[in-house]
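1. Okay, sequence plus prediction incoming.
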Amino acid sequence: MNAGTVPAPHRELGLTDSEYELICDRIGRVPNGVELAMFSLMWSEHCGYKHSRQLLKTLPTEGKAVVMGPGENAGAVDVGDGLVVAFKVESHNHPSAVEPFQGAATGVGGILRDVFAIGARPIAILDSLRFGELDSPRSQFLLDRVVGGIAHYGNSIGVATVGGEIAFEAPYEHNCLVNAMCLGIGPRDKLIRSAAAGIGNVIVLFGALTGRDGIGGASVLASAELGEGDAAKRPSVQIGDPFEEKRLLECSLELLDGGLLRSLQDLGAAGLTSSASEMASKGEVGIDIDVARVPLREPGMEPFEIMVSESQERMLCVVEPDRLQAVLDVCAKWEVRATAIGEVTDTRHMRIFSGDEVVGDIPVEALVDDCPVYTLEPEAPSEPIYPRPPARVEPPVDGEELLLELLRSPTVASKRWAYEQYDTLVGSRTVRRAGAADAAVLQLAPDGGRGAIATAIDGNGRRVAIDPYTGTVENVLECARNLACVGAEPLGLTNCLNFGNPEKPHIAWQLTESVRGLGDACRALGVPVVGGNVSLYNEGSEGPIYPTPIVGMVGWLPDPERVPSSAFVEEGHEIALIGPYRPSFAGSETEKLTGGLADGLPPLDLEEQGRALGVIRDAAREGLVASAHDISEGGLGVTLAESCMGGGLGARVELPHTGFAPLVFGEGAGGVVVSGTGAAMAELERRLGAESFFRLGVVGGDRLEIVKADLTQAGEAALAASGAPEEVAQAFRNRLPDSVPAASLSIPVADLTVAFESGIPAKFS
Amino acid sequence: MGSQVGGEALVRARVLIRPKEGILDPQGQAVERALPALGFQGVSHVHVGRMVELDVEDASQLDQMCEQLLSNPLIEDYEIVESA
Amino acid sequence: MGSQVGGEALVRARVLIRPKEGILDPQGQAVERALPALGFQGVSHVHVGRMVELDVEDASQLDQMCEQLLSNPLIEDYEIVESA
Amino acid sequence: MKFGVIRFPGSCDEVDALLACERFGDAELLWHGDRELKGADVVVVPGGFSYGDYLRAGAIARFSPVMEAVSEFAAGGGLVFGICNGFQVLCEAGLLPGALLPNEELRFICRQMDVVVENADTPFTRTCARGERLSIPMKHMSGRYYAPGEQLDAMEANGQVVLRYAPGGPHNGSARDIAGVTNEAGNVMGLMPHPEHAVDPLTGSTDGGKLFESLAREAAAVAA
Ligand SMILES: Nc1ncnc2c1ncn2[C@@H]1O[C@H](COP(=O)(O)OP(=O)(O)O)[C@@H](O)[C@H]1O
Ligand SMILES: [Mg+2]
């Protein structure tokens, strides 16, 4: 800060002058320090959704399975038998960039609390991670620590981490993304909402002590007598304590099981301030809180510090006075600290006391509902925003070497190193572990009765950067396809919108287009959005991240015993490519390896995609196919290789001359590789029609052979074009005419595996 | 336990690393809570940290080592104790 | 860092715990391997252990605490350093 | 017969263990704060992170009131079966020899593994054959078994090394590939792999069930 300019505290707290005036106007006076601190947080982007609220309103949120939609701590869908599955994804990008281990760990802790705050027992975690290219030491460090932090928290608390994804792209070098998703299961009739209710009821804070965590920005409000060196006492890094959270989780569920609570809310960003005021807002009541009663980790904390502290592992609940003792007893059993710190009032004000003294008094409406909403000013960029990635292979390149190079590229390579650090089994539900299928499959009851749920998380920032609308549609389709491959029908979707600074017109455009794509895809597939999170201002010194909407889905399937594998299972099984698949080099890993970055993606026909998903899902559910694996990063060649490696079986497939290279190395939405008996494949062909069924070859041997063959005229035409619109597809397909090989490939499965396992080395140093 | 000095100019050093003041120390808390149950009364302010023992040729490098590798300056303080 | 004494008879103590000689210490090895890559030469015999800091009313209890809880005598050695 | 499965604050796999036990007998959870074993014939000390595994895995849990009862139960010949964190707790409590150190790789490892039955003449392995391979997952951070050399020799001679990781599979750096041991009397066993996660073909394998089945038979025979 420049000497000579006296900064107004509200600016240091991130409020604009006009926002400050609005606050004064709304409360009819100048806010004191406590109040200003509370406003600054509630009116921040993080809590107030100033730049995204209008867009989020456009998303479809209704569906027959929806029990709780956006607005609650987590969304929830009905899975039958009186059970719901609650889920949500959330980002912890910035804390993870500062201290990756604790940042990722507390990210997991936070999303777990959102799920058990509505009364569901967390049963699964998924993570979606983005780093710079893996040859950068910083990315190696971040990867190592972030995965370690997720493992530490999830493993220690005993919730299985069953899936996720990791991608590496230069624009994330200075701004990694750490998104964590949690699923929980609970009885529908025991779910609880966060709205405070019952004038005179007691507000109980339970869990960890309150310290000076996450106060950083607000410390301008500290009174003068707190001298030099005290800044160090306001740690910006929060330490996760999974053991505390484990007790908090068991305690919360026992309280709910006993029907002892009126409402429940976790403490997340903005701590007591946001939890209490949102409870009050939803319940249309007021709340009094006495900060002097809050148990502290450190002496001498000021009232504003207590109100904005972001110490982890805390919850707030509303209790009827005659049940208070019972609540405290359950807490004592679990060795969880619990303190009555306030009361529900009819004032519609948040009143903060320090003992008898009133230190803050704000109308709840001003704090929660009057946060200004800004209209984005989107403008498509006139020239490319992102530089082309450096070429990693020089043309002309040999096809076999290219396939191995793709398998080695960290985004495609085996993530075993990461997922072996996660407990994938605890809870005895995991029917398909990470690496064994496109979506994790969790049985609802032991031995598969009541069916199973499937879940996956997906996002491809590079494709969204190339075309925010289509790229986002593809994300939703990919997630739905992953579910279809295990036979699951999506019940609901959660999302995390990771974008740059929305005040910049081109970022506003990315965000607007992306949310439009998200909405369109969800409507077309009939999947409601039940929750999510927005993370904006993800920009490093070198510019914004790739726009990265992450979507997570949960679906249901009747019979987990029939779930196909993603790997080939038996010699002699026939292999087919099904679905409307029109691959091109635009946005492909191959394009990236050759140093390209397209400026658009081929359009998609959502209706056609939706129909194909249904056929794939049915085939998987009935056990018609033995394996099903969706084509994503790396294209068909990589997909075939993965299905070979997973079962240690080779395959021989034939592809037509025309379009051979884009078929093997291009990418696009809609394709799934399946295998099964000849009879099963014949049945599938009958259902799909020649338009979207292509016999590729046979499982067997110890090599993957992709042969350029003279197919019949019909087969040639069909596979080459995979339907319409040929002109468009052709335009995108011919991006790399010279550099990409067009000869047959034959690679031992063992060599594929070596390449695949070497992309993310077990040790970096 | 005693620290032995290996070569000619070797310095045996210990680096004591502990959670920074004000930073949550879950391990320390857990130990503090467990002690009374084991019959140890009157114990307070428990913190659990790490100790790194090492022989160095050039003790002037120790500070840098601590900052770059041995401790995490964001959340930990360290102290160097040379023993020979 | 300095240790402050709280009440009247409190003793501030540090317990230093390290892997017993002869037991593989992969943490120590990992640190030893990482140092040269960061440009630190001439470091050897690296061992990583734990440090527990605590205030006790009755310092005579410390040995028992160490043997029963703070260290595992089968695999670890400990040393008590009182600071006030 | 009846299994009693202990629940500590921080236990994670106690319900999984309970479900596994219920396949072969009656089973009930035992609360760490109670001294009561509720008439269990076999006590299972389950996996997880009791007390967060802070300080050292198992170090704090062994002081729980229930562990006093378990020690007495074991001293009287009762069957005690510690899985993963339970193994660590039993070692810390002195009911089993040795200690479990952090994995050589210094990482948590979750992996389906083969273990070989070295001694099929124990209450824990009687439904297995000597040399039989069992596919059971391991998942832990501190599973590297350690005991001094002479003690290991004595344990081997006494048939106390019950399970070993199959050759070739990378594991945690355990001395002599040891995955599971008993006490000298043979009524207390600890193992790092998780047999309770290998009782259902849908979620992996059923090989782990053999250990629970052995225990159920043994307890039933004693009762008869
Ligand atoms: N991208 C999104 N799509 C749908 N709902 C969203 C999105 N972002 C946020 N929400 C919803 O807005 C509400 C507030 O979110 P958040 O501030 O992350 O909640 P919390 O404080 O409980 O973590 C939640 O109900 C969340 O589901
Ligand atoms: Mg919440």
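-> Arrived safely. Ligands and ions are numbered 1, 2, ... in the order given.
2. hey, let's count contacts and neighbours off CA atoms from now on
-> Fine.
3. ok, now which ones touch residue A:759?
-> A:407-410, A:413-414 (C-alpha atoms under 8 Å, 6 or more residues apart in numbering or on different chains).
4. Contacts only, for the closest residue to it other than its chain neighbours.
-> Nearest residue to residue A:759 in three dimensions, chain neighbours excluded: residue A:408, at 4.3 Å (C-alpha to C-alpha, 6 or more residues apart in numbering or on different chains). Residues near residue A:408 by C-alpha under 8 Å, 6+ apart: A:755-759.
5. try it again with 10 Å
-> A:402, A:414, A:752-760 (C-alpha atoms under 10 Å, 6 or more residues apart in numbering or on different chains).
6. ditto for residue A:652
-> Contacts were defined as C-alpha under 10 Å, 6+ apart; by that measure residue A:652 touches A:574-575, A:640, A:696-707, A:745-746.
7. Now it: which helix or strand?
-> According to DSSP states H and E, residue A:652 maps onto strand A:651-656.
8. Check whether residue A:696 really touches residue A:575, as I assumed.
-> Yes - in this structure, residue A:696 is within contact of residue A:575 by C-alpha atoms under 10 Å, at 5.4 Å.
9. any shared contact partners between those two?
-> In contact with both residue A:696 and residue A:575: A:651-653, A:673-675, using C-alpha under 10 Å, 6+ apart.
10. Closest one of those to ligand 2?
-> Nearest to ligand 2 among those, counting by C-alpha to the ion, is residue A:673 at 39.5 Å.
11. Give the residue spans of the chain that score low on pLDDT.
-> Chain wasn't specified; assuming chain A. Low-confidence segments of chain A, defined by pLDDT under 70: A:1-7, A:216-235, A:711-742, A:763-765.
12. My question was about chain B, not that one.
-> Ranges of chain B meeting pLDDT under 70: B:1-8, B:84.
13. what does it put close to ligand 1?
-> Within chain B, no position is adjacent to ligand 1 by C-alpha under 6 Å from any ligand atom.
14. so who does the residue of chain B found nearest ligand 2 touch?
-> For chain B, the residue closest to ligand 2 is residue B:24, as judged by C-alpha to the ion, at 21.7 Å. Applying C-alpha under 10 Å, 6+ apart to residue B:24 gives the contacts A:208-213, A:235, A:237-241, A:297-298, A:311-312, B:47, B:75.
15. so it, which of the three states?
-> Using DSSP: H, G, I helix; E, B strand; the rest coil, the structure places residue B:24 in coil.
16. rewinding a little: who has more neighbours out of residue A:696 and residue A:575?
-> Applying other C-alpha atoms under 10 Å in any protein chain shown to residue A:696 and residue A:575 shows that residue A:575 carries more neighbours, namely 27 against 22.
17. Okay, now the sheet partners of the helix or strand that one falls within, with direction.
-> Taking DSSP H and E as the definition, one finds residue A:575 inside strand A:574-578. Strand A:574-578 has the following strand partners under DSSP bridges: strand A:672-676 (antiparallel), strand A:693-699 (antiparallel).
18. re earlier: so which of the shared contacts of residue A:696 and residue A:575 is the closest to ligand 1?
-> residue A:673 (31.3 Å; C-alpha to the nearest ligand atom).
19. out of everything not next to it in sequence, what's closest to the closest one?
-> Excluding its sequence neighbours, the residue lying closest to residue A:673 (C-alpha to C-alpha, 6+ apart) is residue A:577, at 4.6 Å.
20. contacting residues for that neighbour?
-> By C-alpha under 10 Å, 6+ apart, the neighbours of residue A:577 are A:628-631, A:636, A:671-675, A:692-697, A:719.
21. ok, which residues in chain A are in contact with ligand 2?
-> A:73, A:114 (C-alpha under 5 Å from the ion).
22. domain ranges for chain A?
-> Listed by automatic domain parsing, the domain ranges of chain A are A:32-47+A:193-371, A:393-424+A:564-765.
23. quick one: residue D:90 and residue D:99 touch, right?
-> Yes - using C-alpha under 10 Å as the test, residue D:90 is close enough to residue D:99 to be in contact (9.3 Å).
24. Helix or strand next in line after the strand ranked longest in chain B, which one?
-> Assignment by DSSP state E gives strand B:43-56 as the longest strand of chain B. Going down the chain from strand B:43-56, the next helix or strand is helix B:62-65, by DSSP H and E.
25. Please determine whether that following helix lies in contact with chain C.
-> Yes - under the criterion of C-alpha under 10 Å from any C-alpha of the partner chain, helix B:62-65 makes contact with chain C via B:62, B:64-65.
26. So the one residue sitting closest to the centre of chain B: helix, strand or coil?
-> Of all residues in chain B, the one closest to the mean position by C-alpha atoms, centre = their mean is residue B:16, 2.0 Å from it. Secondary structure, three-state DSSP: residue B:16 is strand.
27. Please apply the same query to residue A:129.
-> Classification of residue A:129 using three-state DSSP returns strand.
28. you'd agree it is up against residue A:181?
-> No - contact criterion C-alpha under 10 Å: residue A:129 and residue A:181 do not qualify, at 11.3 Å.
29. Check whether the host helix or strand of residue D:4 comes near chain B.
-> Assigned by DSSP H and E, residue D:4 belongs to strand D:2-7. No - applying C-alpha under 10 Å from any C-alpha, one finds strand D:2-7 separated from chain B by no less than 16.7 Å.
30. anything in that strand near chain A?
-> No - counting by C-alpha under 10 Å from any C-alpha, chain A is not contacted by strand D:2-7; separation bottoms out at 11.4 Å.
31. who does that strand pair up with?
-> In the sheet, strand D:2-7 lines up against strand D:26-31 (parallel), strand D:42-45 (parallel) (DSSP bridges).
32. Can you tell me which of the ones you listed is most buried?
-> strand D:42-45 (a mean of 28; mean count of other C-alpha atoms under 10 Å in any protein chain shown).
33. after that one comes which helix or strand?
-> Beyond strand D:42-45 in the direction of the C-terminus, DSSP H and E gives the next helix or strand as helix D:65-75.
34. Show me which parts of that following helix are buried, residue by residue.
-> D:65-68, D:70-71, D:73-74 (16 or more other C-alpha atoms under 10 Å in any protein chain shown).
35. Put together TSV for those residues, with distance to chain C and pLDDT on each row.
-> Output for these, formatted as TSV (distance: C-alpha to the nearest C-alpha, whole Å; pLDDT from 0 to 100):
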residue	distance to chain C	pLDDT
D:65	15	93
D:66	17	96
D:67	15	96
D:68	15	95
D:70	18	98
D:71	16	97
D:73	21	98
D:74	20	98
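36. Mind checking which of residue D:90 and residue D:99 has more residues around it?
-> The neighbour comparison of residue D:90 against residue D:99 (other C-alpha under 10 Å) goes to residue D:90, with 31 against 23.
37. That one falls within a helix, correct?
-> Yes - using three-state DSSP, the assignment for residue D:90 is a helix.
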